[in-house]
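[1] pasting the structure only:
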């Protein structure tokens, strides 16, 4: 089975594949998933593909089956923000492409639809994440009072983080602002309200933990993508460090 | 252990998982299952701790359990396994250990009375090591089931070998 493409078609396919790869990278998929998804789609088009995956850019070469036409390109990935709706949407789409023989235009339309899918309403995010913070507090042994302090601190901290992301600050700085706000609220309660225990303070910043970078870094490392694994783990460590810095500063201010 | 207290813990584990799921913007259809997976994983860890297994191995057991269920969940709900695994594993993160380690580091960098120094140092190191190893075991526990159940890719490697021959 051989498919003959002209130069423009190969070019379009290559650019779409790059777009898919960079979307996956910035919404928090690991390197193995990016590679299998891109290869699965290119196989459906009877093309072979070589892919170089790094944290901030992707490089691709697409060949048609006769190796008469080929196309190479490079694309920067947009700043990282975890979005599992896109990851699972693209995974579903890749199977549909194989089974229903989609053309490139259909893929592009579906990608645009996935990008425009709404996030959860802001109030829902704030409330549920704060509830998660107070659940943490309960799990580590806090009382109802500690839980409500953790709720309040998480709510305001996350709000600050969203606002500072909107102002396009450096992402690590956003984490620092959020962690500082949360811990200053929690430590004020711990210092001046007698019945609040330190659990409220230690769990009020947990919503910031870099879970996705750390778990992805580990699965990349085990998988043999050592470079990506190291880059991701250092990214996670810097986030953890920013959290610690905010916490430290607040604790120094209140002398806890 | 009080049975009621045990199940109450399950609810908190589930709620924490849901919170992170919403932060990561997962599809709505997966939310219910993430609650259940998070609760079961957390309860596995609690049960192991109750039997007397140490905290690192218990976290590992919980996360392996989560990784395994999320593979089955992925097949039924058509979403990648990591969508289920990552939010559910986060409630087990050792927040208090990390916090105590930081507290210890701050004490050590300031003035510590001569007779207290050794105790503060050993507490800090033990808390820090616990936090690190628990984090590692969580990541490893989620990754191991994926590595074991990779039938598709194995199939593809076989086909490629045949082509080359």
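    Arrived safely, thanks for sending. Keep in mind it's a predicted model, so treat the numbers as computed, not measured. Residues are numbered from 1 along each chain as shown, chains lettered A, B, ... in the order given.
[2] so the closest residue to residue A:119 other than its chain neighbours: helix, strand or coil?
    Beyond its immediate neighbours in the sequence, the residue positioned closest to residue A:119 (C-beta to C-beta, 6 or more residues apart in numbering or on different chains) is residue B:25, lying 5.4 Å away. C-betas here are computed from N, CA, C, even on glycine. Following DSSP: H, G, I helix; E, B strand; the rest coil, residue B:25 is assigned to coil.
[3] what do you get for residue A:51?
    Relying on three-state DSSP, one would call residue A:51 strand.
[4] run through the bridge partners of it.
    residue A:60 (DSSP bridges).
[5] contacting residues for the residue nearest to residue A:119?
    A:82, A:83, A:84, A:85, A:119, A:120 (C-beta atoms under 8 Å, 6 or more residues apart in numbering or on different chains).
[6] where's it relative to residue A:6, distance?
    39 Å (C-beta to C-beta, to the nearest Å).
[7] measure how buried the residue nearest to residue A:31 when sequence neighbours are not counted is and give me the count.
    Spatial nearest neighbour of residue A:31, chain neighbours left out: residue A:225 (4.3 Å); criterion: C-beta to C-beta, 6+ apart. Other residues near residue A:225 come to 22 when the count uses other C-beta atoms under 10 Å in any protein chain shown.
[8] then residue A:218?
    23.
[9] tell me the phi and psi of the residue in the stretch 1-150 of chain A that chain B sits nearest to?
    The stretch 1-150 of chain A approaches chain B most closely through residue A:132 (2.3 Å), counting by C-beta to the nearest C-beta. With angles defined as degrees, to the nearest 10, residue A:132 sits at phi -60, psi -40.
[10] pLDDT wise, what is the spatially closest residue to it that is not a sequence neighbour at?
    With sequence-adjacent residues excluded and distances taken as C-beta to C-beta, 6+ apart, residue A:132 is closest to residue B:19, at 2.3 Å. Per-residue pLDDT puts residue B:19 at 93.
[11] next one: residue B:129
    Note on residue B:129: pLDDT of 94.
[12] related to what we said a few turns ago, contacts only, for the residue nearest to residue A:132.
    Counting by C-beta under 8 Å, 6+ apart, residue B:19 makes contact with A:128, A:129, A:130, A:131, A:132, A:133, A:135, A:207.
[13] of all those residues, which comes closest to residue B:43?
    residue A:135 (13.7 Å; C-beta to C-beta).
[14] what about that closest one, neighbour count?
    Using other C-beta under 10 Å: residue A:135 sits among 29 other residues.
[15] on the three-state scheme, it is what?
    Residue A:135 ends up helix, using three-state DSSP.
[16] and the contacts of the helix or strand that contains residue B:56?
    Residue B:56 belongs to helix B:55-77 when assigned by DSSP states H and E. Outside helix B:55-77, the residues that touch it by C-beta under 8 Å, 6+ apart are B:29-30, B:33, B:37-38, B:40-42, B:44-46, B:48-49, B:53, B:79-85, B:88-89, B:92, B:94, B:130, B:133-134, B:137-146, B:149.
[17] go again with 6 Å.
    The contact list for helix B:55-77 (C-beta atoms under 6 Å, 6 or more residues apart in numbering or on different chains) reads B:30, B:33, B:37, B:41, B:44-45, B:48-49, B:81, B:84-85, B:88-89, B:92, B:133-134, B:137-138, B:141-142, B:145, B:149.
[18] and stretch A:161-172, by the same measure?
    Outside stretch A:161-172, the residues that touch it by C-beta under 6 Å, 6+ apart are A:174, A:177, A:178, A:238, A:242.
[19] could you dump these to JSON lines with neighbour count?
    JSON lines is the format used below for these (neighbours: other C-beta atoms under 10 Å in any protein chain shown):
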{"residue": "A:174", "neighbour count": "22"}
{"residue": "A:177", "neighbour count": "20"}
{"residue": "A:178", "neighbour count": "27"}
{"residue": "A:238", "neighbour count": "15"}
{"residue": "A:242", "neighbour count": "23"}
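[20] in TSV: those, plus pLDDT and secondary structure.
    What follows is these, written out as TSV (pLDDT from 0 to 100; DSSP: H, G, I helix; E, B strand; the rest coil):
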residue	pLDDT	secondary structure
A:174	94	helix
A:177	95	helix
A:178	95	helix
A:238	92	helix
A:242	92	helix
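[21] same list (the residues you listed) but as a markdown table, adding distance to residue B:58.
    Converted to a markdown table, these look like this (distance: C-beta to C-beta, whole Å):
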| residue | distance to residue B:58 |
| --- | --- |
| A:174 | 34 |
| A:177 | 35 |
| A:178 | 30 |
| A:238 | 29 |
| A:242 | 29 |
